[in-house]
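Novice: Next one to model:
(chains A and B, ligands or ions: 2)
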Amino acid sequence: MGQVDFKNLRKSFGSTNIIDGLNLEIHNSEFLVLLGPSGCGKSTTLRLLAGLESVSSGTISIDGCDVTELEPRDRDIAMVFQNYALYPTMTVEQNIGFGLKAKKMSPKLIKEKVNEVADLLGLTHLLNRKPNALSGGQQQRVAIGRAIVRKPKVFLFDEPLSNLDANLRLEMRAEIMKLHRELGATTIFVTHDQEEAMAMADRIVIMDKGLIEQVGTPTEIYFQPKTRMVAGFIGNPSMNFMKGEISKNSELKLPIGNIKVNTILNLGQHIDVGIRPEKIKLADPKRKPNENIVRVMVTNIELLGPRAIVKMEHESGQVLTSVVDHDEIGKYELGTNISISLASNALHIFPKIKD
Amino acid sequence: MIVSFENRLSRFLGTTAIFIAIILVLFPFLWIFLESIKPPSLGGRPDIWRFEPSWENWHEIVFNSNVPLNILNSFFIALITVVISLICGAPAAYAFSRFRGFQGARYSILAAEMMPPAILILPLFLLLYKLELIDSRVGVITAHLTFVVPVVAWFLIGFFDEVPKDLEDQAMIDGYTRFQAFYKVILPAVRPGLAAAGIFGFVLSWNDLFYSLLLTGAESRTLPVAIAGFWTFRGIELGKMAVAILIAVIPVLILSYSIQKHLIRGIGGSGVKY
Ligand SMILES: Nc1ncnc2c1ncn2[C@@H]1O[C@H](COP(=O)(O)OP(=O)(O)O)[C@@H](O)[C@H]1O
Ligand SMILES: [Mg+2]
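Specialist: Residues are numbered from 1 along each chain as shown, chains lettered A, B, ... in the order given. Ligands and ions are numbered 1, 2, ... in the order given. Now for the predicted structure:
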């Protein structure tokens, strides 16, 4: 079990609201990723759930039990910190067993469980070492071992992979996902790395400035971003945006020309229109319906192995970025004008909220 | 490798300066040591350099004086002072280290240090007098606590600052109370700091003359007071005094040397890092 419920959660430090009315249900056994720019309140959310910070208002419940006022030790959760927070004076064995000792478990049983976990994580030969004699990846494993040995209801990870080098990060990512499949415990994983989020999550929660922007599967988040922030945050290279407004006949009036779409927005509404770089294609001589042809000049080509990033500029000054497969690059020549096509159904329209 | 003239000159000047400093510092020790092994008949004659060494002063001090009792007093007082200072100072330092509000607050513990001891001594004396603790070791310990506790606390703040806060958070998640997290995880992590602060506080108490002079009598007299006491109205008993000085100074030298690595961090490292 391990169902977590945030209701109207608020947290302020002094007069600044860090978490501003958070509502979220996390399902049992789910792998949920909190994703957002640095400083948006991801760690604070985890710390509130862990009981390391007290809430300003709202409630947190685990399996239907209100834990808002409980001490961290009474919440049955485990957490892995970004810098692993291994106890420096204890051996690996003592580190992993420390939480079991708090439960007044017999030393024999503790040893058994520690050995089991060490076996699972390949730490057996390191049990007598102190943390400062371990590599970053090994420290990470110890921190994970210390979390899983207690079999808590909920696992919290706060950017656990960000201190590892690229290869190790991929390896640990796979390992954490494997552990999650085997143990089936609810996991809340914080990261600011969208690729990591996409690869690991059952559902992603995108946060910005203490608010949830969108909750959804990686696919939903990528293909159906609900807000301009999500659209711009997810995707690399990021989505192209054009400013515009709705003109008559529900046409989009954009710097690159007018585009006909189906929209329920009102006449005169200011909008941002987004299109993913990979949706910008060279115009096909056999023109299909729903395609909008635009003339642009190629201003830059950046080769990235199998793909290239092509920057182009419309005569209005609007800059667009496109991602092109390697075998297509020959069709783009620096400084020349080309025709590109923007499919209407690939456009994301975000009304501008006046403030 | 070509060493430029300027380089060699500055090396030479530097080495010379160090030698001069060493001689200036060590000469008094040499002189005191020579004084301690002069026959008593030559006592008080620092101008005499050639003499037959004699251990008579040492023998007198060790077997026929109160100095062993004074040493015991000093040791006992310093030890108890340090133990209490660590018990009070460590949690205080921890609190200051983790305090998220006004960061200058930690400097307030130095306030007691900045006051001239003369301000404290009168109320302290009256208090101890009323409690009938004049000429008692407890009285001196009380007085020493007034300056050793803040120094030990100040000394430790920098060490606690270096222990990541995640560590106690982790311990609390692992099933411990905040206090358990403090003494099971945080305290062991600052053990070198505790040792260094303890030794530093011990030396402060061991060396104190001011409070001990005013608060001790025959029973509780400490070593520094006893040393000062060799200056009698019959003149200075320089030979015996030299022996007592050496006995007082040697532990300080050894102890200070043992914590030199931590001294800088302890004294200076607790400044606020913005
Ligand atoms: N103890 C605290 N006191 C004051 N402000 C804090 C505290 N902890 C975090 N903050 C602020 O809250 C905001 C969110 O922090 P955090 O949750 O750590 O962000 P994230 O983990 O998403 O990068 C930051 O602007 C940070 O400065
Ligand atoms: Mg964070």
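Novice: When you work out contacts or count neighbours from here on, use the C-alpha atoms and nothing else.
Specialist: Fine.
Novice: And residue A:4, its phi and psi?
Specialist: phi -110, psi 140 (degrees, to the nearest 10).
Novice: How about residue A:26?
Specialist: phi -110, psi 130.
Novice: I'd guessed it sits against residue A:34; true?
Specialist: No - using C-alpha atoms under 8 Å, residue A:26 is not in contact with residue A:34, being 11.3 Å away.
Novice: Counting neighbours, go ahead and name the busier of the two.
Specialist: Set residue A:26 next to residue A:34 and count neighbours by other C-alpha atoms under 10 Å in any protein chain shown: residue A:34 wins out with 27 against 18.
Novice: does ligand 1 sit close to the helix or strand the more buried one falls within?
Specialist: Under the criterion of DSSP states H and E, residue A:34 resides in strand A:31-35. No - counting by C-alpha under 6 Å from any ligand atom, ligand 1 is not contacted by strand A:31-35; separation bottoms out at 8.1 Å.
Novice: Bridged to the closest residue to residue A:319 other than its chain neighbours, which residues?
Specialist: Using C-alpha to C-alpha, 6 or more residues apart in numbering or on different chains and skipping residues adjacent in sequence, the residue nearest residue A:319 is residue A:313, 4.5 Å away. Beta bridges link residue A:313 to residue A:297, residue A:319, judged by DSSP bridges.
Novice: ditto for the one 10 residues further on
Specialist: Per DSSP bridges, the residues bridged to residue A:323 are residue A:309.
Novice: Check what pLDDT the spatially most central residue of chain B gets.
Specialist: Centrality entry for chain B: nearest residue to the mean C-alpha point is residue B:203, 2.0 Å, by C-alpha atoms, centre = their mean. According to the prediction, residue B:203 has pLDDT 94.
Novice: Against ligand 1, how distant is it?
Specialist: According to C-alpha to the nearest ligand atom, to the nearest Å, residue B:203 stands 38 Å off from ligand 1.
Novice: Same question for residue B:78.
Specialist: 39 Å.
Novice: One more: residue B:46?
Specialist: Counting by C-alpha to the nearest ligand atom, the gap from residue B:46 to ligand 1 is 64 Å.
Novice: and what of residue A:148?
Specialist: As defined by C-alpha to the nearest ligand atom, residue A:148 lies at a distance of 23 Å from ligand 1.
Novice: Same question for residue A:149.
Specialist: 26 Å.
Novice: quick one: that residue and residue A:115 touch, right?
Specialist: No - judged on C-alpha under 8 Å, residue A:149 makes no contact with residue A:115 at a distance of 9.7 Å.
Novice: returning to that earlier point: quick one, what contacts the residue nearest to the centre of chain B?
Specialist: By C-alpha atoms under 8 Å, 6 or more residues apart in numbering or on different chains, the residues touching residue B:203 are B:78, B:252, B:255.
Novice: neighbours of the first one, just the number please.
Specialist: What that stands for is residue B:78. The burial count for residue B:78: 27, using other C-alpha under 10 Å.
Novice: Also the last one?
Specialist: Here the count is done by other C-alpha under 10 Å, and residue B:255 has 15 residues near it.
Novice: check contacts around it.
Specialist: Neighbouring residues of residue B:255 by C-alpha under 8 Å, 6+ apart: B:199, B:203.
Novice: repeat for the second one
Specialist: For residue B:252, the set of contacting residues under the criterion of C-alpha under 8 Å, 6+ apart consists of residue B:203.
Novice: could you measure it against chain A, distance?
Specialist: According to C-alpha to the nearest C-alpha, to the nearest Å, residue B:252 and chain A sit 29 Å apart.
Novice: Stretch B:182-197 and chain A in contact?
Specialist: Yes - contact of stretch B:182-197 with chain A (C-alpha under 8 Å from any C-alpha of the partner chain) involves B:185, B:188-189.
Novice: what comes up buried for that stretch?
Specialist: The neighbour-count check on stretch B:182-197 (16 or more other C-alpha atoms under 10 Å in any protein chain shown) flags B:182, B:184-190, B:193-194, B:196-197 as buried.
Novice: and stretch B:22-37, average pLDDT?
Specialist: According to the model, stretch B:22-37 has a mean pLDDT of 90.
Novice: Other residues contacting it?
Specialist: By C-alpha under 8 Å, 6+ apart, stretch B:22-37 touches B:43, B:46, B:53-58, B:238-243, B:245-246.
Novice: May I have stretch A:2-10 as PDB, with CA atoms only?
Specialist: This file holds the C-alpha atoms of stretch A:2-10, laid out as PDB (Å, rounded to 0.1, in the frame of the first residue of the first chain):
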ATOM      1  CA  GLY A   2       1.100   3.600  -0.300                       C
ATOM      2  CA  GLN A   3      -1.500   6.000  -1.600                       C
ATOM      3  CA  VAL A   4      -0.600   9.600  -1.000                       C
ATOM      4  CA  ASP A   5      -3.100  12.500  -1.000                       C
ATOM      5  CA  PHE A   6      -2.200  16.200  -1.000                       C
ATOM      6  CA  LYS A   7      -5.200  18.400  -0.300                       C
ATOM      7  CA  ASN A   8      -4.800  22.200  -0.700                       C
ATOM      8  CA  LEU A   9      -1.300  22.100   0.500                       C
ATOM      9  CA  ARG A  10       0.400  25.400   1.200                       C
END
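Novice: buried sites along it?
Specialist: A:2-7, A:9-10.
Novice: Mind checking what secondary structure the residue in the stretch 1-150 of chain B positioned nearest to chain A has?
Specialist: Nearest residue of the stretch 1-150 of chain B to chain A: residue B:101, at 10.3 Å (C-alpha to the nearest C-alpha). Counting by DSSP: H, G, I helix; E, B strand; the rest coil, the backbone at residue B:101 sits in coil.
Novice: Could you report the neighbour count for it?
Specialist: Neighbours around residue B:101, by other C-alpha under 10 Å: 8.
Novice: Kindly report the residues of the stretch 101-250 of chain A close to chain B.
Specialist: Contact residues, the stretch 101-250 of chain A versus chain B (C-alpha under 8 Å from any C-alpha): A:102-103.
Novice: Thank you kindly, that will do.
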